[in-house]
Every structure is written in C-alpha cells, then in structure tokens.
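K.L.:
3D model of this:
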Amino acid sequence: MSASAIRRWAAVAIAALAAAACGGDGAETAVVADPGTSAAAEQQAGEPARPAPGPLGTVEIPADEAIQIRSLEAITGDVAFLGLPNMRSTELAIEDYGPIRGFDVELGTPLDDLCSSDGGQAAAQIIVADSDVLGVIGTSCSGAAVAAAPLITEAGITMISASNTSPALTSDLRGNAGQNHSVGYYRTSHNDLFQAAAVAQFVLNELGLATAAVIHDGDPYTQGLAHAFADAFAAEGGTITGMSAVNKDDTDMVPVLTEIAAGTPQALFFPIFQPAGDLIADQAPGVPGLENAALLASGGLLNLNFLALPQTAGMYLAGPDTRFGNNANRSTGRTTEEFLDIYQERFGGPPAAPYWAHAYDATVLLLDAITAASYVEGDTLVVDRQGVRDYLSSVAGHEGLTGTLTCDGFGDCGAGRITVVENLGGEENAEASMSNVVFSYAPPAE
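P.N.:
Next comes the predicted model:
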C-alpha cells in the first residue's frame, strides 16, 4: 500500500459497497455499507465486497490503465479567473489522494466550459463520447451546467461542481427540485438562495438602506440570483425599485442605468460577470439618480482582477465564507495552509477566486466515491457507476478544507455560509480586500 493510501485509510474509513439486494421487480440496486465499519471489514477480509452491478453499469479498468475523470471549467476568456483555480485545485487534490486500489487517476486534457451554455454543451459531448469516464469536476458557471449536466448525468457519469450556485440546479431548499436539476449532479458550493438572503440582510440591516434595484444579464446564475435577492429583500421589508437586464457584450450601460435611476434606489445590486460588471461600476456613479447609490456585486465579480479596478473601490461583494482557518481534508490530511503554500509555489500566486477549496473538496469526494464503489477482480479494477452516486448521496459530516460537508437529496453538499467584503481599493489591496469581511451570514440551521 502506498504512503498516500495509508494516509487516506488513517484519515477516514472509506465506505465500501455491500452486496445488492434484488427488488420485487427484478432490478438490482447497489447498497452503500456503513462508512464507519466498511474499511476495517474490507481489510480483515483481504478484499472489498463484490456488489451486483447497479442500473448504470460498471467501468472495467485493466491493469496498467488509469481511472478516468475530467475537469470542465472556464479556463479561457473573461471568467478564467474562476475556472483556472478550480482546475488547479483538482490537479493538486488528485496528487494528494494518490492511486485508488493501485490504479492511478488521470484527468485527461482539461476542457473549457467557456462560462456559457454552448461551451458546456460542446464539452459535455466530448466527455460522454468516452465510455471510460467516471466523473466530472465542473462546471465553473451555472449557465454552462444547465446545458452540460443533463448530457453528462444521463450518460451515467457523476458531476460535481465547486462554483455553480444557481438554485435551479439543485432545489429551492424547501424540498422541491430546481427546474434544471439532474440526478447525478452534486456541488460543494453554496445555493444562491443563501447568498440572496445574505445580501438582503446586509443592505437593510447593516447599510440601513430600504430601497434597491437589480441588474442581471440573463444568465441562469445572474438572473436566478437577481430574482432571489429581490424576493429576499421584499420579504425582509425592503422595496425593489426596478430590475433590468443588460447583454453580456454591451459596452454602453447608460440606457439601462438611466432606466434604473428613475426609481432612485439607495442600493444597486448587479450579480454579473466581467467585463459588463466593470462597465456598470464605472458608469453608474455618473448617472443622475445613482450618484450616491451603494454598489454591490456577487461571487461572479469577487476576484483579484475586479477588486484591483479603480472604479470598484468601496464596493461591497458577497461570496462564500472562505475563513477556513487551518481546516484539513480528512481523506488526504492536507490542510488549508499547506494547500495555499503549495498552490502559490506551483502557480506563482494565490488563487484569484474564492472557490479553490470547494474544488479540492469536490475532487476528493469524487475519489472517495470511486474508492467506495470499486473492487479489484484479477488485475482489473471494476467501478460501479451507481455506487459512485450512492456514496455521494450518503455523505454526511465529511470534514474538508471548506468545513463539514453533507449532501442533501438534491446534490447540495456545501455550507450556506456567506460573507460580504468591502473593497479597500487599488491593486495593492486586492488580496487584502478578499478577506476584508464586513458582514457574515449563516443559515438559521447552522
């Protein structure tokens, strides 16, 4: 057994698949064993359990070949700041985890979701064409996931995102599936219903502002968050004075801003991406009626590039709570401090966006699931596709870099903790601004 494998077993008892039971209709379903006892039982028996194949079939990996997973992130264009740290964190997680039952894990050529529906669909078609792929880490953007997730999951491949946050991809947090929910899709990032509540409470209770307007760009992420904020703000007693949309490639924002300014909002929330966000931040103060409006954005703009722009000084930006202390992922033993040191040394600087730890945890969860759903037969590794999903659906209390992970019935595995930071202004302060927390939010259950 390798040193990395020993560390994993010492850090966490990995769940194995118990023998499946045949249902009354003759269907065979894989059953996940008790994760607290399966590893010891397996070691005593000298080999893992041999489950009957689940309904999604198995992948057989011959000796000297590798387990295949894929990275699908936005790694070029205006949103590469988000996808590149995710992809790099996945690479580091695979290195830390090491081989699974003696078989290496191979990421293959990284795929680009382009933060768009077209990009997500095109990449998904490449992925599903390879029958050996077991799982996908991605996408970066919810809009890409809306197109990619149905294709990937219907092919029996499991998908875990580190930075998708649209409620439509999972649920409304009241037991109802989102309109774009796919069975086999999971995420370690938050649900944007939490972010919407956080921003609404911050504007009303911390800034003391009773009116707000919203701008989105029609993307599933931005539109979903815009409407969720409007609902949360109204529920808290605030007044939404207007909601408008811009196109992602617009450069003149004055017409839309003038329309918004007619309601004289005290706050303007624009949960969009660059470069449109750059232009709104630059042009809004010059529009009569918006001169004194507080400007707020979301995780789509919470990156070092945006914070360094002069027109964004003093803005407020919401995103995941990244105050991870020195958490450790229990399956690899890696701590956040160790990870950041390695990341900076390897890539020449800190992660530019806040979802790096979510990507690491997402990758480790997938590798844990493959471990639990696999066994060696002769010199071949057999992995049950349904078993991978069964393991993830049963995750509860997994300690990761981001904190404690528990997956609900719709694939939401991450915490709902949100922070709002205030931009100190200037390129020299961009990194400090990422952690300049002025408001914290946690769901009532936490």
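K.L.:
quick one, what contacts Phe410?
P.N.:
For Phe410, the contacting residues are 170-171, 177-178, 181, by C-beta atoms under 8 Å, 6 or more residues apart in numbering. For every residue, glycine as well, the C-beta is placed using N, CA and C.
K.L.:
What does the pLDDT read for it?
P.N.:
In the predicted model, Phe410 carries a pLDDT score of 98.
K.L.:
so where is this structure shaky, pLDDT-wise?
P.N.:
Of all residues in the chain, those with pLDDT under 70 make up the ranges 1-49, 51, 446.
K.L.:
Next, name the residue at the spatial heart of it.
P.N.:
Most central in the chain under C-alpha atoms, centre = their mean is Ala162, positioned 2.1 Å from the mean C-alpha point.
K.L.:
who touches that one in this structure?
P.N.:
The contact partners of Ala162, by C-beta under 8 Å, 6+ apart, come to 86, 89, 137-138, 140, 187-189, 355, 358-359, 361-362.
K.L.:
tally of neighbours for the closest residue to Asp113 other than its chain neighbours?
P.N.:
Take Asp113 and drop its neighbours on the chain: the residue closest to it by C-beta to C-beta, 6 or more residues apart in numbering is Ala144, 3.8 Å away. Burial of Ala144 is recorded as 34 neighbouring residues (other C-beta atoms under 10 Å).
K.L.:
so what's Ala144 up against?
P.N.:
Contacts of Ala144 by C-beta under 8 Å, 6+ apart are 72, 74, 113-117, 119-120, 123, 138.
K.L.:
Let's see that with 10 Å instead.
P.N.:
72-74, 79, 83, 112-124, 138, 161, 164, 219-221 (C-beta atoms under 10 Å, 6 or more residues apart in numbering).
K.L.:
which residues touch Asn303?
P.N.:
79-82, 85, 273-274, 317, 319, 351-354, 430, 434.
K.L.:
following the helix or strand in which Leu296 is found, which helix or strand comes up?
P.N.:
In the assignment (DSSP states H and E), Leu296 maps to strand 294-297. For strand 294-297, the following helix or strand on the C-terminal side (DSSP H and E) is helix 304-307.
K.L.:
next one: that next one to chain centre, how far?
P.N.:
For helix 304-307, the gap between its own C-alpha mean and the chain's C-alpha mean amounts to 20 Å (C-alpha atoms, centre = their mean, to the nearest Å).
K.L.:
try stretch 138-151
P.N.:
The chain centre lies 11 Å from the centre of stretch 138-151; the measure is C-alpha atoms, centre = their mean.
K.L.:
CA atoms of that stretch as PDB?
P.N.:
Once non-C-alpha atoms are left out, stretch 138-151 reads as follows in PDB (Å, rounded to 0.1, in the frame of the first residue of the first chain):
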ATOM      1  CA  GLY A 138     -17.200  21.300 -13.000                       C
ATOM      2  CA  THR A 139     -18.600  23.400 -14.400                       C
ATOM      3  CA  SER A 140     -17.400  26.800 -13.300                       C
ATOM      4  CA  CYS A 141     -20.600  28.600 -14.300                       C
ATOM      5  CA  SER A 142     -24.200  27.700 -13.700                       C
ATOM      6  CA  GLY A 143     -25.100  28.600 -17.300                       C
ATOM      7  CA  ALA A 144     -22.700  26.000 -18.600                       C
ATOM      8  CA  ALA A 145     -24.000  23.400 -16.100                       C
ATOM      9  CA  VAL A 146     -27.600  23.900 -17.300                       C
ATOM     10  CA  ALA A 147     -26.500  22.600 -20.700                       C
ATOM     11  CA  ALA A 148     -23.800  20.100 -19.600                       C
ATOM     12  CA  ALA A 149     -25.300  18.400 -16.600                       C
ATOM     13  CA  PRO A 150     -28.200  16.600 -18.400                       C
ATOM     14  CA  LEU A 151     -25.900  15.100 -21.100                       C
END
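K.L.:
Next, the closest residue to Thr404 other than its chain neighbours: phi, psi?
P.N.:
Take Thr404 and drop its neighbours on the chain: the residue closest to it by C-beta to C-beta, 6+ apart is Gly397, 5.9 Å away. Gly397 has phi and psi values of phi 70, psi 30 when expressed as degrees, to the nearest 10.
K.L.:
All the helices of the chain, residue numbers only.
P.N.:
Residue ranges of the helices in the chain, as given by DSSP state H, are 3-11, 38-45, 80-97, 117-128, 142-154, 192-201, 220-235, 254-261, 276-283, 304-307, 336-347, 356-372, 385-393, 430-434.
K.L.:
coming back round to it: ok, the residue nearest to Thr404 - how many residues close by?
P.N.:
Counted by other C-beta under 10 Å, the residues lying close to Gly397 total 9.
K.L.:
just the one 10 residues further on next, same as before
P.N.:
Applying other C-beta under 10 Å, we find 21 other residues in the vicinity of Cys407.
K.L.:
Verify the stated contact: it with Leu365.
P.N.:
Yes - here Cys407 lies in contact with Leu365, judged by C-beta atoms under 10 Å, at a distance of 8.3 Å.
K.L.:
Identify the contacts common to those two.
P.N.:
Counting by C-beta under 10 Å, 6+ apart, the residues touching both Cys407 and Leu365 are 160, 186, 188, 391-392, 395, 398, 413.
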